[in-house]
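Engineer: Mind folding the following:
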Amino acid sequence: MSIFTDLIEDFMEIFMDDFSVYGSSFSEKCHFMVRDGIVLRHKISEKGIGVDKAKVEVMMSLQPPTTVKTIRSFLGHAGFYRRFIKDFSKIVRPLTRLLCKEIKFNFDSKSLAAFHTIKGALVSAPVVQPLD
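Structural biologist: Okay, the predicted model is just below:
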């Protein structure tokens, strides 16, 4: 048996056409009959699929990275969307160079421009827009 199956058996009992979810609080259980919710980073409601505005606001409020660790974190999150951003690797080259051990950390104007370009791409279509 897989770990996933073992986990389900600890919290859920499945019958032919029904199931029960166990938990010590309501927040641990599934919610049914809700009007909207976030699924795969998109807001799903009776109006259809939309963008999670909170996610866009967080991306817009990002400040430029100041350390190697924050650059690595930013590139890790942005890299998830690299297939949606044309020339991603070319754009982030000034940032990735700062990750090299031989390079002195100097967040210059090229690095700042790269950060703002990627940040702008992350909040524009098709990255945060739902598929049709």
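
Engineer: Now do the same for I91: its pLDDT.
Structural biologist: Here the pLDDT value assigned to I91 is 95.

Engineer: next one: F107
Structural biologist: Value listed for F107 in the pLDDT field: 94.

Engineer: show me where pLDDT drops low in the protein?
Structural biologist: Confidence mapping of the chain against pLDDT under 70 gives the ranges 1-34, 39-42, 50-51, 125-132.

Engineer: So it: which segments form each domain?
Structural biologist: By the assignment in automatic domain parsing, the chain contains the domains 3-51, 56-122.

Engineer: Give me the buried positions along stretch 65-78.
Structural biologist: Residues of stretch 65-78 classed as buried by neighbour count (16 or more other Cβ atoms under 10 Å): P65, I71, F74, L75, A78. Quick note: C-beta positions are derived from backbone N, CA and C, even for glycine.

Engineer: Surely I91 and A114 touch.
Structural biologist: Yes. Using Cβ atoms under 8 Å, I91 is in contact with A114, at 5.6 Å.

Engineer: The buried residues of stretch 65-78 into TSV, with extra columns for distance to K86 and secondary structure?
Structural biologist: Output for the buried residues of stretch 65-78, formatted as TSV (distance: Cβ to Cβ, whole Å; DSSP: H, G, I helix; E, B strand; the rest coil):
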residue	distance to K86	secondary structure
P65	22	coil
I71	21	helix
F74	19	helix
L75	17	helix
A78	14	helix
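
Engineer: now, which of these sits nearest I103?
Structural biologist: Using Cβ to Cβ, I71 comes nearest to I103 of the buried residues of stretch 65-78, at 11.5 Å.
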